[in-house]
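Colleague: Next input, structure requested:
(chains A, B, C and D)
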There are 2 protein chains.
Amino acid sequence: MTKRADKPITLADVARRAGTSTAVVSYVINNGPRPVAAATRERVLAAAAELRYRPNRIARALRSRTTGVVGLVLADASNPYFGALARHIEQALEKRDRLTLVGNAGYSADRQRHLTERFLAAQVDGLVIVAADGGGDVAARAEAAGVPAVYVHHGHPGGHGQVVAADNQAAVREAVGHLRRHGHRSLAFLSGPTDEGPVGVRREAWAAAVSGDPDAVLLRCDYSRGAADALTRHLIAKGAMPRALITATDEHAIGVLSGAWARGLAVPDRLALISLDGTPESAHTAPALTVTQQPLRAMAEQAIELLFGDISEALAAHAPLVVRRSCGCAA
Amino acid sequence: MTKRADKPITLADVARRAGTSTAVVSYVINNGPRPVAAATRERVLAAAAELRYRPNRIARALRSRTTGVVGLVLADASNPYFGALARHIEQALEKRDRLTLVGNAGYSADRQRHLTERFLAAQVDGLVIVAADGGGDVAARAEAAGVPAVYVHHGHPGGHGQVVAADNQAAVREAVGHLRRHGHRSLAFLSGPTDEGPVGVRREAWAAAVSGDPDAVLLRCDYSRGAADALTRHLIAKGAMPRALITATDEHAIGVLSGAWARGLAVPDRLALISLDGTPESAHTAPALTVTQQPLRAMAEQAIELLFGDISEALAAHAPLVVRRSCGCAA
DNA sequence: CACGGCTATCTAATCGATTAGATGGCAGAA
DNA sequence: TTCTGCCATCTAATCGATTAGATAGCCGTG
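Modeller: Reported below is the predicted structural model:
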């Protein structure tokens, strides 16, 4: 006796079973736009339960023009910073009973646009864009299609759509202040290959904070552990490694730590380090990183509130300084 | 002159513009079940292009009972191992022109079931389940609804659904062999809190490989850097830290590294370490980890092939040994 | 008793794409 | 010339839920 995949139960089945019309069943299911007599409501509920009725969200979406699905255009899920952000965004959406469609855009504006088109075709109710830097003005496209969109972490400069980001300037000022209190006079900064996005903001804040210093060095490399690792080895070999460094991202900091270890440079004794992301990773490096911690969860929640119009403006959340070992503070 | 969100173009609009019926337009768009005269096809294509027609996937889904969407039930996107796996799965699906719906189940079987229900209600065409360990027999539920499902990394023991995983036994044997060649006689193993899932397989393979050894120590802690860090400090304080250790996951290994650094225990000099995940992370720890590298991409692709019935059986892929510094090999 | 005003329900149009069945026109065969 | 057959195309039903408009039953009032 093979139990075959029984064909799904429809509204009409429930209506028949309860001895009413589909309209009434719909009103009951949705606490519909019209009231239903208590007795009838009971019958319908009972019938639905007995038949294990599950509304077909596709049909509902077609008719009501809202899918309950939000698209998330993500730079790269395997980068822990973005991965964590993605998780918080998904959870904030889940709380609002929304489903999350994800796509990894890598670091390409083209793929970002491509994913946006696909999500729009899927009739998403909204779009959340988490890009590293650069990227097209995807929110403009979404809004043209009547779909709300928000950027998290990094927005399109001068484009449409609101941007949710932490207060990077304040964070950098705190980091600089802390290293100064450790007695460091010249503070280097490791930035990304360009000055786009939040990293640019951080770099500028650093430049402003150290503008008096004679020998503040600006370093640059790709956003990868490998690149930072290689750069560090190179600088150590040249004897040009700074004594105090602020890295724009945790990826950078982890790469620096790795390169320093490989070349026998002790952190924090001969290199004081503060990183500006503060992902969970940073708590368990060797040594543990002192960081300014991006409030990822708060950012995710704010983005979703913005998307649904619960708030009308993003306000930059504070990224607190979390003191650990890499800056030179004791255990 | 405000440009309002123009109402979307439908098949009927295109048909009118091309001077044909909706049926013909549909046949053209899908290389439909019936042929269309070349001239007409051109007219339709031109009309569709001019109007920038985008098929409404919701309507299509309602009628054809296939959504082009696959659900991904993920343990935790902020864990880099799962994050990387998620990215590869999304990309494999994208290649097949499918969209990915994600949900983070945390490490709870209940949330796993909950997500599965939501995805099924959304009429997904298939389900990919990436769980840490434990978990309900979600594939059985999916199959009852007529939706194919595959497990990646970890399956439900004795349950439905195929499981895609690497050859963990061979990996452990390689790791053990390598540490032996370094001259270590007693090899400890750091496992998770229970013996479920792939970690259990790894633990058993280790037990089998060291069954002759008098003092092979089995350690256990949660799957988190923090737990492994704390355990390591504790063992060092007690003077009970092993000289050679295989960790079940990279999270464990990174925590051990962190704890060892904090207590001044040199790796690899006083502790030789090999980890069994081999995420990208492992290349840039201090010191860099020697690992057996799980073929995440191959696993993701195999899972998708399985899901679409391109292959009928999963075969365990090889997880090669990647030699770096933590085992004691020179740079 | 008749009628207005409610309330509880029912009927049926609608969302947009798919596709089976009906139709029309033209070419080749008888 | 007429009939058959095939090809290209059109008409309309369908997927399942939503909801405006129509309808029926009931109560209270004049």
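Colleague: so, in contact with chain B or not, the strand or helix carrying A:Val28?
Modeller: Using DSSP states H and E, A:Val28 sits in helix A:22-29. No. Judged by Cβ under 8 Å from any Cβ of the partner chain, helix A:22-29 stays clear of chain B, getting no closer than 12.9 Å. Heads up, the C-betas are built off the backbone N, CA and C, glycines and all.
Colleague: helices or strands next to that helix in the packing?
Modeller: Contacting helix A:22-29 under the criterion 3 or more Cβ pairs under 8 Å, 6 or more residues apart in numbering or on different chains; DSSP states H and E are the following elements: helix A:11-18, helix A:38-51.
Colleague: quick one: that helix to chain centroid distance?
Modeller: With Cα atoms, centre = their mean, to the nearest Å as the basis, helix A:22-29 stands 39 Å off its chain's centre.
Colleague: Please point out which parts of that helix sit buried.
Modeller: Using 16 or more other Cβ atoms under 10 Å in any protein chain shown as the test for burial, helix A:22-29 gives A:24-29.
Colleague: can you redo those residues as TSV with pLDDT?
Modeller: Formatted as TSV, the buried residues of helix A:22-29 follow (pLDDT from 0 to 100):
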residue	pLDDT
A:Val24	96
A:Val25	97
A:Ser26	96
A:Tyr27	96
A:Val28	96
A:Ile29	95
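Colleague: so which of the residues you listed also contact DNA strand C?
Modeller: Restricting the buried residues of helix A:22-29 to those adjacent to DNA strand C (criterion: Cβ under 7 Å from any atom of the strand) gives A:24, A:27.
Colleague: Pick the one among the buried residues of helix A:22-29 closest to B:Val73.
Modeller: Closest approach to B:Val73 among the buried residues of helix A:22-29 (Cβ to Cβ): A:Ile29, at 26.0 Å.
Colleague: ok, the nearest residue in space to that closest one that is not next to it in sequence - contacts?
Modeller: Distance criterion Cβ to Cβ, 6 or more residues apart in numbering or on different chains; nearest residue to A:Ile29, sequence neighbours excluded, is A:Pro55 at 6.4 Å. Neighbouring residues of A:Pro55 by Cβ atoms under 8 Å, 6 or more residues apart in numbering or on different chains: A:11, A:29, B:121.
Colleague: try A:Arg96
Modeller: A:304, A:308.
Colleague: That one and A:Ala300: what is the separation?
Modeller: Remark: distance between A:Arg96 and A:Ala300 (Cβ to Cβ, to the nearest Å) = 12 Å.
Colleague: about what we covered before: indicate which one of the helices and strands packed on helix A:22-29 is closest to DNA strand D.
Modeller: With Cβ to the nearest atom of the strand, the closest approach to DNA strand D among those belongs to helix A:11-18: 3.0 Å.
Colleague: Kindly list the longest helix within chain A.
Modeller: helix A:80-95 (DSSP state H).
Colleague: and that one, what other elements does it pack with?
Modeller: If contacts are counted by 3+ Cβ pairs under 8 Å, 6+ apart, helix A:80-95 sits against strand A:69-74, strand A:99-104, strand A:126-130, helix A:250-262, helix A:296-307, helix B:80-95, strand B:99-104.
Colleague: So for that helix, what gets flagged as buried?
Modeller: A:80-94.
Colleague: ok, which of the contacts of A:Pro55 also contact DNA strand D?
Modeller: Contacts with DNA strand D within the contacts of A:Pro55, counted by Cβ under 7 Å from any atom of the strand: A:11, A:29.
Colleague: Give me the distance between A:Arg243 and A:Leu273.
Modeller: For A:Arg243, the distance to A:Leu273 equals 10 Å [Cβ to Cβ].
Colleague: Neighbour count: these two, which is higher?
Modeller: Between A:Arg243 and A:Leu273, A:Leu273 has the larger neighbour count (other Cβ atoms under 10 Å in any protein chain shown), namely 27 against 16.
Colleague: ok, that one to A:Pro280 distance?
Modeller: In this view, A:Leu273 and A:Pro280 are 18 Å apart by Cβ to Cβ.
Colleague: do the same with A:Arg202
Modeller: For A:Arg202, the distance to A:Pro280 equals 20 Å [Cβ to Cβ].
Colleague: And those two? Which one has more around it.
Modeller: The residue with more neighbours, out of A:Arg202 and A:Pro280, is A:Arg202; 26 against 17, by other Cβ under 10 Å.
Colleague: Let me see the contact set for that one.
Modeller: Each residue near A:Arg202 by Cβ under 8 Å, 6+ apart is listed here: A:168, A:171-172, A:189, A:191, A:248, A:276.
Colleague: That one belongs to a helix?
Modeller: Yes. Checked against DSSP: H, G, I helix; E, B strand; the rest coil, A:Arg202 lies within a helix.
Colleague: Pull up the gap between it and A:Asp215, please.
Modeller: A:Arg202 sits at a distance of 20 Å from A:Asp215 (criterion: Cβ to Cβ).
Colleague: Flag the shaky bits of chain A, pLDDT-wise.
Modeller: Applying pLDDT under 70 to chain A flags the ranges A:1-6, A:159, A:331.
Colleague: Any idea which residue is closest to the centre of it?
Modeller: In chain A, the residue lying closest to the centroid (Cα atoms, centre = their mean) is A:Leu85, at 3.3 Å.
Colleague: which ones are touching that one?
Modeller: Counting by Cβ under 8 Å, 6+ apart, A:Leu85 touches A:74, A:130, A:152-153, A:296, A:299-300.
Colleague: rewinding a little: backbone dihedrals for the residue nearest to A:Ile29, both of them.
Modeller: phi -60, psi 140 (degrees, to the nearest 10).
Colleague: how much space between it and B:Ala61?
Modeller: 14 Å.
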